[in-house]
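[1] return a 3D structure for these sequence lines:
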Amino acid sequence: MRGPLIRPAAVAGSWYPGTRGALEREVDALLASASVPALGEVVAVISPHAGMMFSGAVAAHAYRAVAEQDVDTIVIVGPSHFVGFDGVAVQELGGFETPLGVVEIDAPLAAALMAAAPMIQPHPSAHAREHSLEMQLPFIQRVLSVRIVPLVIGYQTRQTILALAGALEATLRGRRALIAASTDLSHYFAADRAEALDSRVVRFVDEFDPDGLLEEFEGYPEHERGRFVACGGGAAIAAMLAARGLGATKGHVLKYAHSGDVSGDRSAVVGYLAAAFTRPGLPS
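    I've put the predicted structure just below:
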């Protein structure tokens, strides 16, 4: 499936391997190395979005946790790194391409989300270069056969976060769907400082406290939230709020690391987190 509605890969060959064989081998090795406990039914995950060599081992934990789950669609929510705008940008038709093929967009679900929240609108330029969603796709393609709904948050205001959470809760109820929130944690602090900052986010996730995480996020000026807390903090908070509304009762921190663990440079690191939120049920 090719054509104007297919969003081509923007960072294949740079942020992750650019050929099918190399990408399959890389992702499969990362998934094989990720060990996660048996969980209840997963409603949402948090996964990082840096280059695969830096954050792929963490991201693999999030997707290993849902590898056996029976779902039709994953709604991927991530921050905008290149385009400033109000609301949430959706691509409502077509698909997203990687070297592993095209992931089809769940057009009916995208339409339902737009109907549920007027601030969710098509905004092609917000998706064109954005890596926060694209970095999730190779993992999704290797563990599940699903469609996606790609959502990019613009300005991560309380109003937008809460409206998105409400729309996700309303539209996903009764559907076989997952939410994947894409975010990195603190940016470019020395490792000790980064670990201290990131431990606050880890605690809110582990305690399944989206309200506390929102308060932490808003404790910094808007232009500093991505540096001190998480660049996709709004995505994570919206996912947690929606998961809670959909019956999730527990947060699971699956893996934390930072770029210095890979590069050896601890002078200026970026933090990464994988987590899952589950509702009571049989282990997946």
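[2] residue contacts, Met119?
    Met119 makes contacts with 86-88, 160, 163-164, as judged by Cβ atoms under 8 Å, 6 or more residues apart in numbering. (Each C-beta comes from the backbone N, C-alpha and C, glycine too.)
[3] please name the nearest non-neighbouring residue to it.
    Using Cβ to Cβ, 6 or more residues apart in numbering and skipping the chain neighbours, the partner closest in space to Met119 is Gly87 (3.5 Å).
[4] next, give phi and psi for the one you found.
    Gly87 adopts backbone torsions of phi 90, psi -150, taken as degrees, to the nearest 10.
[5] which ones are touching it?
    119-121, 154, 160.
[6] please repeat the previous calculation with a cut-off of 10 Å.
    Gly87 is in contact with 117-121, 123, 126, 152-155, 157, 159-160, 163-164, counting by Cβ atoms under 10 Å, 6 or more residues apart in numbering.
[7] same deal with Gln156?
    Shown in contact with Gln156 (Cβ under 10 Å, 6+ apart): 79-80, 88, 164, 217-218, 222, 225-226, 230-235, 237-238.
[8] so, low pLDDT: which residues of the protein?
    Along the chain, the parts satisfying pLDDT under 70 run over 1-4, 281-284.
[9] so what touches the helix or strand where Asp261 lies?
    Here Asp261, judged by DSSP states H and E, is contained in helix 260-263. Contact partners of helix 260-263, identified using Cβ under 10 Å, 6+ apart, comprise 50-51, 53-58, 190-191, 194-195, 266-272.
[10] can you show me the strands along the stretch 101-250 of the chain?
    All strands of the stretch 101-250 of the chain, identified by DSSP state E, counting those that start in this stretch, fall at 101-104, 120-122, 147-153, 177-182, 187-189, 250-258.
[11] save the ones you listed as CSV, and put in mean neighbour count and distance to Ile140 too.
    Shown next, in CSV, are the strands of the stretch 101-250 of the chain (neighbours: other Cβ atoms under 10 Å; distance: least, Cβ to Cβ, whole Å):
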stretch, mean neighbour count, distance to Ile140
strand 101-104, 18, 7
strand 120-122, 18, 21
strand 147-153, 26, 7
strand 177-182, 27, 8
strand 187-189, 17, 25
strand 250-258, 21, 16
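[12] between those, which gets nearest to Val36?
    When the strands of the stretch 101-250 of the chain are compared by Cβ to Cβ, strand 250-258 sits nearest Val36, at 5.5 Å.
[13] just checking, what packs against that closest one?
    strand 41-47, helix 52-64, helix 191-206, helix 233-245, strand 269-279 (3 or more Cβ pairs under 10 Å, 6 or more residues apart in numbering; DSSP states H and E).
[14] if we go to 7 Å?
    Applying 3 or more Cβ pairs under 7 Å, 6 or more residues apart in numbering; DSSP states H and E, one finds that strand 250-258 contacts helix 52-64, helix 191-206, strand 269-279.
[15] that strand to helix 191-206, inter-axis angle?
    170 degrees (axes from the mean of the first three to the mean of the last three Cα atoms, to 10 degrees).
[16] sheet-wise, list the partners of strand 250-258 with their directions.
    Taking DSSP bridges as the criterion, strand 250-258 sits next to strand 269-279 (antiparallel) in its sheet.
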